[in-house]
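[1] Fold the stuff below for me.
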Amino acid sequence: MAGYPSPPAAGLNIGGGGYFGGVDKSKPVLEKTKAVGYNATTSDQIFAISSDAAATTKESLPQLVEIENDGQVPIVVMVGYQEYSSDTAESDNPEYLHTMLMPGDTFNPPVRAVIRTGESTVIMDGTAVDNTAPSVTANFAYSDSGTTIDDATFENDDTSITVDNGAFFRVNDLIQFGINTTTATKIEICRVTAIATHVLTLERALYGTTANDKDTQTNATSGVVDNAKIYFPFFNAYYDHDKYPVVQTDSNGKFTCQNFFGAGRAASAVQGLIPGSVALKFYEAGYQELGLSGLTSSTETGLTAGGSYWFKIAIDGGTAESINFTVDSSNTKWGGTNGVLSLINDALEDKYNNTASNTFQQKSSVAIVNGDVRFTSGQRLSTSTIALTAGVDGASASYNIFAQQNGWFPALANVPDAVAAKLPDDVVYDRVTYVTSPNSGVFLYDNGYGSLVGNGSGTINYETGAIDMRGCPPNAEFVVSALTNSAFSGRLNEGVTDRINSLVDVYANTTSQKCLGSVKVRTY
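    Prediction:
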């Protein structure tokens, strides 16, 4: 992503001639030297930035700027940034930080920076989203974009639509017309392919939806009539819009959507996400244990070799399903080849793949955890649960597990209550000092360079909020945190009015009235 360098690989030199802040310094984009003379009223502009392709006297937005005093006398470097009060730009004219560089000194002015007025020691943090679950209404995930249709003639074969305020949208956004009030056909998902002020060019009827028009939908919440709302959808876009009733990863731990769950958009001025502020936390699966202790894989189960045993399990609030397994003739232990745990897991997997089963496509597993036997849901959803009940299909009552004691399996009355799904804690406590520290291992978070790291991997677009997650916990719901709509949020930008958040230009002068100074500028 332009303006967001990748972090350096492990073992690379930071600074010097190798890497600095994740930027490869082996080949500058720009390198120039300029003589600088003393002038009490006018300084020399040595560098100016513009991302406008038509600009001929300015340089493109860099990842890193390096200013070196390679002369024999001190120089004063003035770097220009936009002035902000709170999160509002004060004017279009930059303010300047003055820095004195001694001969041989090198200065790397931050590329993303502003000049803060007023509460100068208070962080410009914008609007906080904190451990917020993406909103779902009637099994569909979307939020109000903040603007409406301004087009009384929109038909189901049109490829453009006029909206009241185009500032809310970005190219490649997915947008949604209608909400699911009675039938799924009232929802249409479109992709924005171009924006011209308030006119959106669209790719229509995507992700399993059909095209709607003013004749098929007739109200402001579920239709495409004039003044009807436009929504931002955030279903898992690796699939059709109605694949999942909640916002979740798939069985491979993948999730993607084209906005940050409706957050970070505005009608004007500052928008987007602040680099380094994004964090996602996944639910832990519900489970039920047997209330045992000290078990290992080599512990005997106490079950009869060759015995056919039954019990029931309900997963994530579903209907209980009968599970049957036959103990191996030579291995009656918990673990090992054909051990009891392996046999139960095979039976659970069979039911997962059986279309006639109550637990079809509902995963679960059993294992020894901390010396106890634990049945765990295979879905890390907010509704994830396990409910064990007694079997009823055994050849005799003695083969119905949980109906009474069966070897190490206790009667159901002695089985502890199930533990529901929950979110892990944000912090952990030191056992000696009780000082808190972030529970960083449970988060997928951004590194400030547009990459997601930690409990998975992926990318995040700070301007649009588009997110792509991979290698995360499978079949998992999550909550999101971020800081949005601040001077530091969104695209790195030196030219858009009220959104300037980068280095704009650099001037130089010298304090010596009798000697010339010299300044060298490099960009990467």
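[2] Can you pull the domain assignment for this structure?
    Here the domain parsing of the chain from automatic domain parsing is 22-123+498-523, 129-282+440-484, 287-414.
[3] Strands of the stretch 301-450 of the chain, start to end?
    308-315, 321-326, 364-369, 372-377, 386-390, 427-429, 436-438, 443-446 (DSSP state E, counting those that start in this stretch).
[4] worst-scoring helix or strand of the protein, pLDDT-wise?
    When each helix and strand of the chain is scored by mean pLDDT, DSSP states H and E, strand 19-20 comes last, with a mean of 58.
[5] Output the below-cut-off pLDDT ranges for the stretch 301-450 of the chain.
    Across the stretch 301-450 of the chain, nothing is flagged by pLDDT under 70.
[6] does Y38 really touch T511, like I thought?
    Yes. Y38 lies in contact with T511 (CB atoms under 8 Å); the separation is 7.0 Å. The way it works is simple: take the backbone N, C-alpha and C, and place the C-beta from them, glycine included.
[7] Switch the strands of the stretch 301-450 of the chain over to JSON lines; also include mean neighbour count and distance to I189.
    Output for the strands of the stretch 301-450 of the chain, formatted as JSON lines (neighbours: other CB atoms under 10 Å; distance: least, CB to CB, whole Å):
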{"stretch": "strand 308-315", "mean neighbour count": "23", "distance to I189": "30"}
{"stretch": "strand 321-326", "mean neighbour count": "19", "distance to I189": "35"}
{"stretch": "strand 364-369", "mean neighbour count": "19", "distance to I189": "33"}
{"stretch": "strand 372-377", "mean neighbour count": "21", "distance to I189": "30"}
{"stretch": "strand 386-390", "mean neighbour count": "19", "distance to I189": "35"}
{"stretch": "strand 427-429", "mean neighbour count": "12", "distance to I189": "39"}
{"stretch": "strand 436-438", "mean neighbour count": "11", "distance to I189": "37"}
{"stretch": "strand 443-446", "mean neighbour count": "24", "distance to I189": "25"}
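[8] nearest to G407, of the ones you listed?
    G407 sits nearest to strand 308-315 of all the strands of the stretch 301-450 of the chain, at 9.3 Å, using CB to CB.
[9] neighbour-wise, which of Y38 and T511 wins?
    Y38 (17 against 12; other CB atoms under 10 Å).
[10] For that one, give me its contacts.
    Y38 makes contact with N509, T510, T511, S512, Q513, according to CB atoms under 8 Å, 6 or more residues apart in numbering.
[11] phi, psi of D158?
    With angles defined as degrees, to the nearest 10, D158 sits at phi -70, psi 150.
[12] Roughly how far does it sit from N227?
    In this structure, D158 and N227 are 17 Å apart, going by CB to CB, to the nearest Å.
[13] just to revisit the earlier point, and the next element down the chain from the least confident helix or strand of the chain?
    strand 23-24 (DSSP states H and E).
[14] elements contacting the following helix or strand past that next one?
    Using DSSP H and E, the helix or strand that follows strand 23-24 in sequence is strand 30-36. Judged by 3 or more CB pairs under 8 Å, 6 or more residues apart in numbering; DSSP states H and E, the packing partners of strand 30-36 are strand 44-48, strand 505-510, strand 517-523.
[15] Partner strands of the shortest one and their direction?
    Looking back up the chat, that one is strand 44-48. Under the criterion DSSP bridges, strand 44-48 sits next to strand 505-510 (antiparallel) in its sheet.
[16] chain center to the strand it pairs with: distance?
    Taking CA atoms, centre = their mean, to the nearest Å, one finds the center of strand 505-510 at 40 Å from the center of the full chain.
[17] List the buried residues in it.
    By neighbour count with 16 or more other CB atoms under 10 Å, strand 505-510 contains the buried residues D505, V506, Y507, A508, N509, T510.
[18] Just name the closest of those to V435, please.
    Closest to V435, out of all of the buried residues of strand 505-510 and judged by CB to CB, is V506, at 43.0 Å.
[19] If you drop the residues flanking it in sequence, what lies closest to that closest one?
    Counting by CB to CB, 6 or more residues apart in numbering, V506 lies nearest to F47, which is 4.1 Å off, once chain neighbours are set aside.
[20] The one you found and E494 touch, don't they?
    No. Assessed by CB under 8 Å, F47 is found out of contact with E494, at 11.7 Å.
[21] sorry, back to before: with distance to I179 as extra columns, can I get the buried residues of strand 505-510 in CSV?
    Listed next are the buried residues of strand 505-510 as CSV, based on distance: CB to CB, whole Å:
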residue, distance to I179
D505, 48
V506, 51
Y507, 54
A508, 58
N509, 61
T510, 65
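[22] between those residues, which is closest to P103?
    Taking the buried residues of strand 505-510 together and measuring to P103 by CB to CB, the closest member is T510, at 10.7 Å.
[23] Correct me if wrong: that closest one contacts Q72.
    No. With contact defined as CB under 8 Å, T510 does not reach Q72; the gap is 10.1 Å.
[24] intersection of neighbour lists for these two?
    Contact criterion CB under 8 Å, 6+ apart; residues bridging T510 and Q72 by contacting each: G517.
[25] Among the domains of the chain, show me which one is buried the most.
    Most buried of the domains of the chain, by mean neighbour count (mean count of other CB atoms under 10 Å): domain 129-282+440-484, with a mean of 19.
[26] can you give me the helices for this structure?
    With DSSP state H as the criterion, the chain has helices at 340-353.
[27] quick one: low-confidence parts of it?
    1-22, 52-57, 180-185, 213-223.
[28] Go again with 50.
    Filtered on pLDDT under 50, the chain yields the residue ranges 1-17, 184, 218.
[29] quick revisit: using TSV, lay out the strands of the stretch 301-450 of the chain together with distance to V111.
    Rendered in TSV, the data for those read as follows (distance: least, CB to CB, whole Å):
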stretch	distance to V111
strand 308-315	51
strand 321-326	58
strand 364-369	48
strand 372-377	46
strand 386-390	51
strand 427-429	32
strand 436-438	27
strand 443-446	17
